[in-house]
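Asker: Provided below for reference: sequence and predicted model.
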Amino acid sequence: LKFSEEQAKRKMLYNQIQEAKGNIRVFCRCRPLRKEEISAGYPMVTDFDAAKDGELGVFAGGSTKKIFKFDRVYTPKDDQVDVFADASPMVVSVLDGYNVCIFAYGQTGTGKTFTMEGSEQNRGVNYRTLKQLFKIAEERKDTFTYSISVSVLEVYNEQIRDLLATSPTSKKLEIRQASEGVHHVPGIVEAKVENIKEVWSVLQAGSNARAVGSNNVNEHSSRSHCMLCIMVSTKNLMNGECTKSKLWLVDLAGSERLAKTEVQGDRLKEAQNINRSLSALGDVISALASKSCHIPFRNSKLTHLLQDSLGGDSKTLMFVQISPSEQDLGETLSSLNFATRVRGVELGPARKQI
Ligand code: ADP
């Protein structure tokens, strides 16, 4: 088979699978208990007996066990390789012209950054994605030329910051829609990357920039969304056709609600902005899944930025990250309910249009 025919076949297969299952996948990942939690004797509330079937059990007080169903459930023993193996087909589809969005949602400390960024010894989805894209681009080089560039942004208090900008700018970054309908942020750095070595240094630069100007890096990271955008331009060498696609990889701000006593001043503003953008994300996905005629993308910078990669024939993958510990039970249930809404809404009753 000629390569273009093969690609057309693959696209058709994707579309069939998508039609059957919808284009939203939810993977649930649970971190291991921490040493302190073990020594403090906190019991685990999670049950992975049916994890292989995508079921997670949660002991929600007394002998009640709630069952949640997802497309995948990872136990604390599953590693970065296991997780990426499942995410990889979706990631690769960006080379077939699809827009894709992958995001990690959950309470601070549940492993969002571990899943997306990982560490040098234990690399996460971001790095593995780019590595995979280069590998496949190399395999297809007789038929396609790919050009890959990367932007790294942060959204904090509804303001966009370019983490690859070399000099600080006071200019407010705004989202614009180009004539062909594509959303972009004029003026941001789009770093062209040719190989995986270059990628690592770009990702490091983004990570380092995140720390600048904040007294407590971890706290700041937990209150902002970190967004990596991979832009792929494809030229089909057989017919000269050019296409563009976009893959967003997002480490969201922590979803935890604050104690009432804590909520004042700057913290109140931060909390409101996080809350607003995370609910906007939930609303957008719900509206998409229920095929509402108005999708409220513009209710937050986060959803506005992601607009091209949510909906239409784009693919969405959500990692809902949870803690196994009893002391986090309230937040765990709240994250699992959010994820269930994201995953299950298309099966639910018609929703009111927003
Ligand atoms: P978040 O980004 O959600 O705030 P982190 O990714 O910073 O959480 O994770 C908190 C801590 O838990 C880190 O020390 C991280 O290395 C560890 N951790 C999270 N998930 C896992 C996992 N699946 N396996 C091993 N360690 C993990």
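Answerer: Looks like it came in fine.
Asker: all helices for the stretch 51-200 of the chain, in order.
Answerer: Secondary structure of the stretch 51-200 of the chain by DSSP state H, counting those that start in this stretch: the helices cover 80-92, 112-116, 125-139, 196-211.
Asker: any idea which of those helices gets closest to M231?
Answerer: helix 125-139 (11.2 Å; C-beta to C-beta). For the C-beta atoms, the positions are set from N, CA and C on the backbone; glycine is no exception.
Asker: tell me what that closest one is packed against?
Answerer: Contacts defined by 3 or more C-beta pairs under 8 Å, 6 or more residues apart in numbering; DSSP states H and E place helix 125-139 against helix 80-92, helix 112-116, strand 144-156, helix 196-211, strand 225-236, strand 242-251.
Asker: picking that back up, could you export the helices of the stretch 51-200 of the chain as JSON lines, including distance to the ligand?
Answerer: Formatted as JSON lines, the helices of the stretch 51-200 of the chain follow (distance: least, C-beta to the nearest ligand atom, whole Å):
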{"stretch": "helix 80-92", "distance to the ligand": "8"}
{"stretch": "helix 112-116", "distance to the ligand": "3"}
{"stretch": "helix 125-139", "distance to the ligand": "12"}
{"stretch": "helix 196-211", "distance to the ligand": "12"}
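Asker: nearest to L336, of the ones you listed?
Answerer: From those, taking C-beta to C-beta, the stretch that ends up closest is helix 112-116, at 14.9 Å.
Asker: same for the closest one, what does it pack against?
Answerer: Looks like helix 112-116 contacts strand 100-106, helix 125-139, strand 225-236, strand 242-251, strand 315-322 (3+ C-beta pairs under 8 Å, 6+ apart).
Asker: ok, the residue nearest the centre of the chain - contacts?
Answerer: Nearest to the mean C-alpha position of the chain, counting by C-alpha atoms, centre = their mean, stands F103 at 1.1 Å. F103 makes contact with 248-252, 281, 316-319 under the criterion C-beta atoms under 8 Å, 6 or more residues apart in numbering.
Asker: can you get me a residue count around the residue lying closest to T46 once chain neighbours are set aside?
Answerer: Leaving aside its sequence neighbours, T46 sits nearest to P324 (C-beta to C-beta, 6 or more residues apart in numbering; 4.4 Å). Using other C-beta atoms under 10 Å, P324 has 24 neighbouring residues.
Asker: got the phi and psi for whichever residue of the stretch 1-150 of the chain sits closest to the ligand?
Answerer: Nearest residue of the stretch 1-150 of the chain to the ligand (C-beta to the nearest ligand atom) works out as G111 at 2.7 Å. Backbone torsions of G111, given as degrees, to the nearest 10, read phi 110, psi 20.
Asker: so who does D162 touch?
Answerer: 151-153, 169, 173, 185, 187-189.
Asker: what does V26 give?
Answerer: 70-71, 317-320, 339, 342-343.
Asker: which bits of the stretch 51-200 of the chain sit near the ligand?
Answerer: 76, 106, 108-114 (C-beta under 6 Å from any ligand atom).
Asker: go again with 5 Å.
Answerer: 108-114 (C-beta under 5 Å from any ligand atom).
Asker: okay, the residues you listed in TSV with distance to I196 next?
Answerer: Formatted as TSV, these follow (distance: C-beta to C-beta, whole Å):
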residue	distance to I196
T108	30
G109	29
T110	28
G111	23
K112	23
T113	20
F114	20
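Asker: and which of these is nearest to F297?
Answerer: Taking C-beta to C-beta as the measure, K112 is the one of these closest to F297, at 22.4 Å.
Asker: the residue in the stretch 251-354 of the chain that the ligand sits nearest to: neighbouring residues, count only.
Answerer: Nearest residue of the stretch 251-354 of the chain to the ligand (C-beta to the nearest ligand atom) works out as Q321 at 5.5 Å. Neighbour count for Q321, taken as other C-beta under 10 Å: 31.
Asker: pLDDT at the closest residue to it other than its chain neighbours, what is it?
Answerer: Using C-beta to C-beta, 6+ apart and skipping residues adjacent in sequence, the residue nearest Q321 is G106, 3.3 Å away. G106 is assigned a pLDDT of 97 by the prediction.
Asker: now the residues of the stretch 51-200 of the chain next to the ligand: which count as buried?
Answerer: 108-114 (16 or more other C-beta atoms under 10 Å).
Asker: about what we covered before: wait, the residue of the stretch 251-354 of the chain closest to the ligand sits on A104?
Answerer: Yes. Counting by C-beta atoms under 8 Å, Q321 touches A104, with 5.7 Å between them.
Asker: got any residues that touch both of those two?
Answerer: Common neighbours of Q321 and A104 (C-beta under 8 Å, 6+ apart) are 111-112, 115.
Asker: out of those, which comes closest to G265?
Answerer: Within those, proximity to G265 (C-beta to C-beta) peaks at K112, which comes in at 25.5 Å.
Asker: please name the nearest non-neighbouring residue to the closest one.
Answerer: A104 (3.9 Å).
Asker: go on, G312?
Answerer: N99 (7.4 Å).
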